[in-house]
Each structure stands twice: as C-alpha cells, then as structure tokens.
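Q: Any chance you can model this:
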Amino acid sequence: ELHTSAAGEQTSSEVERALKASVLRLKDEIRKRDTEKEKLTVEKEKLEAYTKRTLAKFQGKYLLALQECNAKLKEKRDKIEQLENRSAAQKRDEQLLSSTIY
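A: From the prediction side, this is the model:
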C-alpha cells in the first residue's frame, strides 16, 4: 500500500513538472509570436508610409504633366485659330480683289 501511494505521488509530480514545462514552453512561444507581430506591425506601418509618399509624388508629377499638356494643347488650338482667321482674311481679300477686277 505504501509503495502504491509513493508511486502515485511520483507520477503526480511528474505530470505537474510536465505541465509546468508545457506552460513555460507555451508562454515562450507566445512571447516569440508577440515579438514577431510587433515587428510585422512596424514593417506594415513603414510600408504604408512609403506607399503614401510615393503616391503623393506620383500624383504631383502626374498633375504637373497634365497641366503642361493642357497648356500645350491650348497653345496649339490658339495657333490653329489664328491660322484659320488669317486664312479667312486672305480669302476675303482675294474675293475683294477679284470682285474689283471684274
């Protein structure tokens, strides 16, 4: 009877040691995962900040290029209008000249 009781206590203490070891291992795993999570969070924030800066630069360059293209387009349209007006004036002058001749 004493032998069984001692064996039962030994088994109980082995189980307790095994459980404590398991708890310590799981706590260590949680710490590692928390550290990794923090690292990933910092990297994500850095990437988001970089993306925002890059997007803002791109938008600025795009808007500037768009403004330049619109300005060039307006210049060309104005030039076309001037040439059309000049052509119309020349036709009127030619018509006046030919009507005076005939």
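
Q: what about the protein, any weak spots by pLDDT?
A: 1-10, 102 (pLDDT under 70).

Q: Just want the most central residue of it.
A: For the chain, T51 is the residue whose C-alpha lies nearest the centre (CA atoms, centre = their mean; 3.9 Å).

Q: does that one sit in a helix, a strand or a coil?
A: helix (DSSP: H, G, I helix; E, B strand; the rest coil).

Q: From E45, how far out is it?
A: Distance of T51 to E45, computed by CB to CB, to the nearest Å: 11 Å. (Each C-beta comes from the backbone N, C-alpha and C, glycine too.)

Q: Could you do K79 as well?
A: 51 Å.

Q: same check, this time on K61
A: Distance from K61 to E45, by CB to CB: 25 Å.

Q: Quick one: the helices in this protein, in order.
A: 2-101 (DSSP state H).

Q: What is the neighbour count of E48?
A: 10 (other CB atoms under 10 Å).

Q: So that it lines up with my notes, have the first residue be 54 from now on.
A: Got it, first residue is 54 now, which makes that one E101.

Q: For it, give its distance to L79.
A: For E101 relative to L79 (CB to CB), the value is 32 Å.

Q: How about D131?
A: 76 Å.

Q: can you check E69 too?
A: E69 is 16 Å from L79, by CB to CB.

Q: So what's the residue count around L72?
A: Neighbours around L72, by other CB under 10 Å: 10.

Q: Ok, K127 next?
A: K127, neighbours per other CB under 10 Å, totals 10.

Q: repeat for G113
A: With other CB under 10 Å as criterion, G113 counts 10.

Q: Tell me, how many residues neighbour Q120?
A: So Q120, with other CB under 10 Å, has 10 neighbours.

Q: I'd like the distance between it and K114.
A: Taking CB to CB, one finds Q120 at 11 Å from K114.

Q: just K85 next, same as before
A: Distance from K85 to K114, by CB to CB: 43 Å.

Q: next one: A141
A: Taking CB to CB, one finds A141 at 41 Å from K114.
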